Structures are given as structure tokens and as C-alpha cells.
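J.: Fold the following and give me the result.
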Amino acid sequence: MPKISNKGHQMPESPIRKLVPYAEMAKKKGHKVYHLNIGQPDIKTPEVATEAVKKADIKVLEYSHSAGFDSYRSKLAESYQKIGLPINKEDIIVTTGGSEALLFAMGSTMDAGDEVIIPEPFYANYNGFATASGVKVVPVTSGIETGFALPPIADFEKLITPKTKAILICNPGNPTGYLYSQEEINQLAALVKKHDLFLIADEVYREFVYDEGAKHYSVMDVPGIEENAIMIDSVSKRYSMCGARIGCIVSKNKEVMATAMKFAQARLSPPTYEQIASEAALDTPQSYFTEVIEEYKDRRDTLITEMNKIPGVKIATPKGAFYCIAQLPVKNADDFAQWLLESYDYNGETVMVAPAAGFYSTPGTGLNEVRIAYVLKKEDIIKSAQILGEALKAYNN
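T.: Numbering: from 1, shown residues only. Coordinates of the predicted model:
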């Protein structure tokens with residue numbers, strides 16, 4: 001029998017989606033499942049986006065330009081300029097989600113066997129993208145004790161080898177919700193400049209910043225690293241358009257963009273109707289974002305308050321995005337998460353969480369942690385925390 005590739009064997013399973021069969025089984029039993037496991041917002045997609053698709057008069061659904069609609073890239077550049085980012089349409093290639101943008105970034109800057117340094121815990125699919133690209137992830141670990149702050153720059157520097165090509169960050173962070181300070185971004189900028197590395201920043205949660213005085217600092221707005229900086233962006237969370245699968249790779253480095261363009265040409269073009277929706281979404285009024293941010297801040301505060309009531313739970317307060325990491329009084333959160341769906345219910349209800357070990361690259365790390373996405377309404381968050389508290393009592397007994 002023909003065998004699959006070693007790369008296929010090495011591709012990691014999603015820690016977010018691998019428990020789906022157990023959730024489906026729980027639902028078949030008649031149990032209600034509260035999904036805290038995945039960053040699927042319940043916020044309504046802006047009508048301006050959905051209406052644009054309905055009104056599109058297309059007789060032939062033809063290829064678009066490999067870089068995406070010229071009109072969309074121009075309008076996207078204008079939207080970046082409005083928030084102070086010096087980005088032109090030539091600096092943008094539209095991709096099929098932020099995922100493809102990350103694959104283009106790795107493919108354009110790294111060869112098989114090269115290394116990328118990533119603060120962990122990190123978005124689990126970075127492991128998958130690295131495996132697909134033949135790239136080795138070199139983790140630098142942050143901890144719940146510091147709220148998952150950026151580890152000391154010395155920890156990064158001692159990991160740099162001749163194989164190191166880039167540092168990859170997510171800001172604000174998935175799964176931690178950590179928001180990098182200006183000082184931290186500047187430290188990373190100085191490091192990549194010193195060692196001639198790329199700084200790849202996944203900034204898809206840029207707008208989701210909650211605390212007064214807190215601000216998002218983009219790598220595209222740091223003087224002196226124009227040739228080093230690569231930004232990844234997406235419409236998925238910003239406009240609650242996860243299913244649109246539209247993102248972009250952005251850089252002032254012309255060689256990087258010319259190389260990424262070859263990858264873009266190889267996959268022909270990004271999808272048409274989704275670009276129509278994404279271009280229209282740029283006209284979403286500010287009031288939409290104001291309401292969304294207020295709603296998520298309320299949900300975050302509710303979750304932290306309720307989780308802190310549970311004995312033995314330690315939780316880091318996120319400053320951005322809509323995720324946080326919670327440390328549970330269990331030895332194996334993977335086993336606990338499966339047990340929640342397979343063997344437990346509280347008055348016919350249970351909770352689905354994402355075991356956090358899959359968000360680390362260092363083996364044996366994060367075994368007693370889970371990622372929680374606070375994408376449910378307040379009442380459901382309160383109920384979910386109550387179920388978790390009762391479940392932990394039962395599990396540990």
C-alpha cells in the first residue's frame with residue numbers, strides 16, 4: 001500500500017478542532033454544549049458587506065488579479081493610512097485568509113530546515129504552517145505568572161543561530177490576549193535589525209484592545225525596519241467574517257513582495273465574492289467597532305470575575321483579542337476537556353474548551369492549561385464558568 005509523506009505524519013492535529021467528534025456526540029445525547037473552544041464571534045457581520053455580495057451583478061465569475069482587486073488594495077491602503085500606517089497598495093497582496101498570508105510569508109523568507117523563533121504559547125496553526133513549509137519552530141516560553149508578557153530579549157538572542165530567519169509574533173496574542181507595549185515592539189525591532197532577521201507580526205486582532213490608555217503598536221510603524229517587517233492581516237475577526245477567508249500579507253520590502261507574488265500566482269487568485277464583501281466592509285461605521293469592543297470588554301471582565309471564583313483556577317487577564325489562558329487544578333487538560341464532552345453534564349449542559357498544550361511547541365508544557373474564547377454572550381459565559389466549576393469538583397473527586 002502506498003505510504004503518506006513524513007510531512008503528513010508530522011502535521012499537528014488542531015487542538016481546537018480535534019474534540020469536535022466528542023462535542024457532536026454530546027449534542028446527540030441531547031446535551032447543550034457551550035463553545036469556549038473556538039474564536040468564532042457571534043457578532044453580526046456588517047450589513048454593508050453582505051449587501052454588497054447580494055447586489056453584485058456578475059455574468060462571468062472570472063479570475064481576479066493574483067494580488068487581489070486593485071480597488072480593494074487601494075481602499076485597504078487608505079484605511080491603514082487613516083490609522084497612521086504608511087502602507088500603499090503596492091505593499092499589499094490579498095490572500096485566502098491570514099493563513100495563506102502566513103504560508104506566503106514563510107515560503108518567501110525561509111527554506112527547509114530554517115528556523116523561526118516564536119513566543120509560546122502561540123496560535124496552534126503556526127506549528128502546522130511551519131511543518132508545511134519545512135521550517136523548525138524555536139519557542140521562547142512566556143508564562144501565566146507574568147500575564148504572558150514578552151520574555152526578556154536575551155532569551156530570544158541566545159536562540160539565534162545561522163538558521164534563524166525570522167521572529168513571529170501575534171499582537172494582540174492568540175491564545176493569550178497579550179498586548180505588546182511600544183517598548184517591547186521596539187526591542188524586537190532592534191533585535192531583528194541587529195541580526196538581519198524578519199519580524200513577522202500577525203495583527204489580525206488589532207482593533208480588539210480593551211483597557212483605558214492601552215494602544216496597539218504595529219511593526220509597520222517602526223522606523224528603520226521597513227525591510228525587516230512583514231504584517232499579516234485578515235477580515236475574519238475584525239468584521240466577524242471568518243467564512244470569507246480574506247486576508248493579506250503586507251511589507252515595504254519589495255523583494256519579499258515580489259517573491260510572495262509568485263506564490264500568489266501559483267494559487268491563481270483570491271476568491272471574488274469574498275473580496276467584494278471585504279472591500280465593502282471597509283465602509284463599516286466606527287459605531288460598529290465601538291459597540292463590539294464594549295461588548296467584548298464586558299465579556300472579558302465577566303469571564304475573569306467568574307473564573308476567579310473557582311478554587312484552584314489561575315487566569316491571566318487579557319488586554320486584547322478575545323482569548324485567555326486559564327490554568328486548571330488538573331494534571332491533564334486534554335483528558336479533562338474530552339471528559340467534559342464524553343462523560344459529563346450539569347443539568348444537561350456542558351462546556352467545550354481548547355487544551356492549551358497544542359499552543360506550545362515545547363513538549364510537556366501547558367498540560368494543565370486551556371484556552372478560553374470569550375465569544376459568547378454574558379449569560380452564557382456565567383453559565384459556562386459555573387459548569388466548569390462543578391465539573392472540576394466532579395472530575396477531581
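J.: OK, contacts around Pro119?
T.: Pro139, Val140, Thr141, Ser142, Leu150, Pro151, Ile169 (Cβ atoms under 8 Å, 6 or more residues apart in numbering). Bear in mind the C-beta positions are built from the backbone N, C-alpha and C, glycine included.
J.: Can you name the residues that contact Met352?
T.: Contacts of Met352 by Cβ under 8 Å, 6+ apart are Leu19, Ala23, Val33, Tyr34, His35, Leu36, Asn37, Ala337, Leu340, Leu341.
J.: does Lys193 count as helix, strand or coil?
T.: With DSSP: H, G, I helix; E, B strand; the rest coil as the basis, Lys193 sits in helix.
J.: if I look at it, how far off is Ile167?
T.: 11 Å (Cβ to Cβ, to the nearest Å).
J.: Please say which of those two ends up with more neighbours.
T.: Neighbours were counted for Lys193 and for Ile167 using other Cβ atoms under 10 Å; Ile167 has more, 25 against 15.
J.: pLDDT weak spots in the stretch 151-300 of the chain?
T.: Applying pLDDT under 70 to the stretch 151-300 of the chain picks out no residues at all.
J.: all helices of it, in order?
T.: Here the stretch 151-300 of the chain has its helices, by DSSP state H, counting those that start in this stretch, at 153-157, 182-195, 254-266, 272-281, 286-307.
J.: Export these as a markdown table, with columns for distance to Gly98.
T.: Converted to a markdown table, these look like this (distance: least, Cβ to Cβ, whole Å):
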| stretch | distance to Gly98 |
| --- | --- |
| helix 153-157 | 23 |
| helix 182-195 | 19 |
| helix 254-266 | 14 |
| helix 272-281 | 12 |
| helix 286-307 | 19 |
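J.: Just list the residues touching the residue nearest to Ser71 when sequence neighbours are not counted, thanks.
T.: The shortest distance from Ser71 to any non-neighbouring residue, by Cβ to Cβ, 6 or more residues apart in numbering, is to Glu279 (6.3 Å). Applying Cβ under 8 Å, 6+ apart to Glu279 gives the contacts Ala52, Phe69, Ser71, Tyr72, Lys75, Leu76.
J.: Check Ala373 too.
T.: His35, Leu36, Asn37, Ile38, Gly39, Gln40, Phe322, Tyr323, Ala354.
J.: What's the separation between the first one and Leu388?
T.: Plainly put, His35 is 13 Å away from Leu388 if you go by Cβ to Cβ.
J.: Neighbour count: these two, which is higher?
T.: Set His35 next to Leu388 and count neighbours by other Cβ under 10 Å: Leu388 wins out with 27 against 17.
J.: Help me confirm that the more buried one comes into contact with Lys309.
T.: No: Leu388 lies out of contact with Lys309 (Cβ atoms under 8 Å); the separation is 10.3 Å.
J.: quick one: contacts for Val222?
T.: Ile185, Asn186, Ala189, Ala229.
J.: ok but Met25 is inside a strand, no?
T.: No: under three-state DSSP, Met25 falls outside any strand and is assigned helix.
J.: ok, now how distant is it from Glu349?
T.: Met25 sits 15 Å away from Glu349 when distances are taken as Cβ to Cβ.
J.: for Arg73, same thing?
T.: 46 Å.
J.: residues shared between the contacts of Lys193 and Ile167?
T.: Residues touching both Lys193 and Ile167 (Cβ under 8 Å, 6+ apart): none.
J.: Need the contacts of Val222 in TSV (columns: distance to Ala56 and neighbour count).
T.: Listed next are those as TSV, based on distance: Cβ to Cβ, whole Å; neighbours: other Cβ atoms under 10 Å:
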residue	distance to Ala56	neighbour count
Ile185	39	22
Asn186	44	16
Ala189	41	20
Ala229	34	23
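J.: What is the nearest of the residues you listed to Thr109?
T.: Closest approach between these and Thr109, by Cβ to Cβ: Ala229, at 11.6 Å.
J.: Not counting sequence-adjacent ones, nearest residue to that closest one?
T.: Using Cβ to Cβ, 6+ apart, the nearest residue to Ala229 is Val219, at 4.3 Å.
J.: I appreciate the help and will end here.
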